[in-house]
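S.K.: Only the shape, not the letters, is given here:
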């Protein structure tokens with residue numbers, strides 16, 4: 001039999017041309033095969049055929065597409081100088097030690113798209129321990145999958161070892177979500193297990209070459225977001241990929257491939273199985289992407305907002321609430337574009353304010369005291385939202401500070417305004433007040449007064465203060481009535497008796 005020999009590699013030459021998704025272009029490629037046992041009449045045995053099929057069609061996916069595309073700088077346009085100095089030094093050190101090392105993922109994607117990356121990740125064939133031994137300022141972190149943080153000057157680089165494809169022994173929950181994933185693999189396996197084709201790109205700073213296993217550069221140029229593998233399976237492995245699809249499509253102006261988009265609405269319930277802290281981190285990335293307005297619109301279009309911001313749908317159905325939220329998101333996008341700092345507390349305060357406002361008005365209508373009623377409404381809304389997103393205690397404190405300042409802006413008499421402007425959250429609260437006025441929730445008289453007050457000198461400020469609504473009564477220590485008879489002779493005693 002032609003298969004009964006023992007060559008470890010056989011060359012298969014294709015005639016004609018393969019399509020873009022297969023990527024072989026009619027070239028021959030090599031496939032490593034195990035030696036096959038001859039069965040009856042010289043044919044391979046059934047057990048060996050099964051082994052061969054499992055190896056070739058791993059995870060039930062299509063056959064391997066051959067060698068990756070090696071794209072030169074003349075075609076992708078990314079020069080070594082556009083990579084941060086720390087990332088270049090990290091790759092150089094690993095390569096000089098005999099390892100493969102590449103800038104990988106989102107940084108490569110953004111560089112090709114003409115966007116300045118926020119950070120640079122490195123992928124290598126070195127194990128975490130080997131990486132740690134090469135860099136004095138480094139540490140191994142992570143439980144699900146160990147990575148190394150390498151400090152280079154003011155940069156912190158995330159260096160990860162190539163990961164293997166998920167197999168039958170990968171630990172998953174009952175919904176298919178991967179729980180533990182600490183298996184190292186080859187570069188090709190590492191590329192295959194990434195989520196989208198535009199994220200499976202590797203840039204070698206030494207040669208300025210982009211290594212592309214899944215036609216990610218072509219998809220980026222064609223403005224299409226495609227999944228590597230079966231989207232339904234990939235969403236089950238990690239439901240957060242649905243959020244990433246929305247975020248990346250909004251950020252890069254990509255159209256979701258029909259196969260990527262179709263399952264999202266039906267599988268949105270899987271978000272319930274994702275830890276709340278991880279959802280919060282992913283929502284911050286989405287809202288601080290610089291394209292928050294478009295991202296929120298796409299969240300609603302895909303039906304994903306129910307599992308993330310359960311109050312958002314109610315808010316956006318109210319004309320005032322929708323205007324308020326969209327103005328806040330547009331302001332956040334503008335700050336990202338201008339390179340200004342961002343406050344998670346301020347943004348989440350805007351997203352949830354109209355629900356707090358509704359709960360506050362309902363409590364006041366029941367006769368509750370206004371300020372305690374506001375604090376009760378704040379706690380109620382944050383408790384509901386906290387079931388979906390694990391808002392940290394510090395950020396929740398910032399949110400409540402901004403909300404609590406709003407009724408205090410009404411007090412513009414005496415020394416109150418002077419005390420208010422000294423508070424740490426005053427500026428955030430004041431910006432929030434302006435947003436409320438801009439959206440039409442309140443009139444402009446109060447924000448304009450505060451604007452004039454902040455711009456004025458001390459003498460002018462004193463003249464602006466409103467008169468006290470009522471004279472303040474001095475507090476006097478209560479005295480008991482002087483007792484008569486023997487009691488009077490013994491001195492005053494508190495009314496009602498008891499020890500003085």
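M.R.: Everything's here; your move. Quantities reported herein were computed from a predicted structural model and do not represent experimental measurements.

S.K.: May I ask which helix or strand encompasses the residue nearest the centre of the chain?
M.R.: In the chain, the centroid-proximal residue (Cα atoms, centre = their mean) is residue 282; its distance is 2.2 Å. Using DSSP states H and E, residue 282 sits within helix 276-287.

S.K.: Could I get the contacting residues of the nearest residue in space to residue 468 that is not next to it in sequence?
M.R.: Distances taken as Cβ to Cβ, 6 or more residues apart in numbering put residue 413 closest to residue 468, at 5.2 Å, once the chain neighbours are dropped. Any C-beta I mention is one placed from the backbone N, CA and C, and that applies to glycine too. By Cβ atoms under 8 Å, 6 or more residues apart in numbering, residue 413 lies in contact with 465, 466, 467, 468, 469.

S.K.: same thing with residue 353?
M.R.: The neighbourhood of residue 353, defined by Cβ under 8 Å, 6+ apart, consists of 324, 403, 432, 436.

S.K.: what's the closest non-adjacent residue to the last one?
M.R.: For residue 436, ignoring the flanking residues on the chain, the nearest one in space by Cβ to Cβ, 6+ apart is residue 442 at 5.1 Å.

S.K.: what number of residues lie near the one you found?
M.R.: Residues within reach of residue 442, counting by other Cβ atoms under 10 Å, total 15.

S.K.: tell me which element it is part of?
M.R.: Using DSSP H and E, no helix or strand contains residue 442.

S.K.: hmm, back to that, just among the contacts of residue 413, which is most surrounded?
M.R.: residue 465 (15 neighbours).

S.K.: Do I have it right that that one meets residue 411?
M.R.: No - using Cβ atoms under 8 Å, residue 465 makes no contact with residue 411, being 10.5 Å away.

S.K.: ok, now how distant is residue 435 from residue 353?
M.R.: Remark: distance between residue 435 and residue 353 (Cβ to Cβ, to the nearest Å) = 9 Å.

S.K.: so what's residue 220 scoring on pLDDT?
M.R.: Per-residue confidence (pLDDT) for residue 220: 94.

S.K.: OK, contacts around it?
M.R.: 109, 112, 113, 198, 252, 254.

S.K.: was I right about residue 429 contacting residue 407?
M.R.: No - contact criterion Cβ under 8 Å: residue 429 and residue 407 do not qualify, at 10.6 Å.

S.K.: packing partners for the helix or strand hosting residue 294?
M.R.: Using DSSP H and E, residue 294 falls within helix 292-302. Secondary structure elements in contact with helix 292-302, counted by 3 or more Cβ pairs under 8 Å, 6 or more residues apart in numbering; DSSP states H and E, are helix 240-252, helix 276-287, helix 312-316, helix 319-337.

S.K.: same thing but 6 Å
M.R.: The helices and strands touching helix 292-302, judged by 3 or more Cβ pairs under 6 Å, 6 or more residues apart in numbering; DSSP states H and E, are helix 240-252, helix 319-337.

S.K.: Go through that helix and flag the buried ones.
M.R.: Within helix 292-302, the residues scored as buried using 16 or more other Cβ atoms under 10 Å are 292, 293, 294, 295, 296, 297, 298, 299, 302.

S.K.: Same list (those) but as a markdown table, adding pLDDT and distance to residue 230.
M.R.: Output for the buried residues of helix 292-302, formatted as a markdown table (pLDDT from 0 to 100; distance: Cβ to Cβ, whole Å):
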| residue | pLDDT | distance to residue 230 |
| --- | --- | --- |
| 292 | 90 | 30 |
| 293 | 90 | 32 |
| 294 | 91 | 27 |
| 295 | 89 | 25 |
| 296 | 86 | 28 |
| 297 | 86 | 27 |
| 298 | 87 | 22 |
| 299 | 85 | 23 |
| 302 | 83 | 18 |
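
S.K.: ok, and the most crowded of the contacts of residue 220?
M.R.: residue 198 (29 neighbours).
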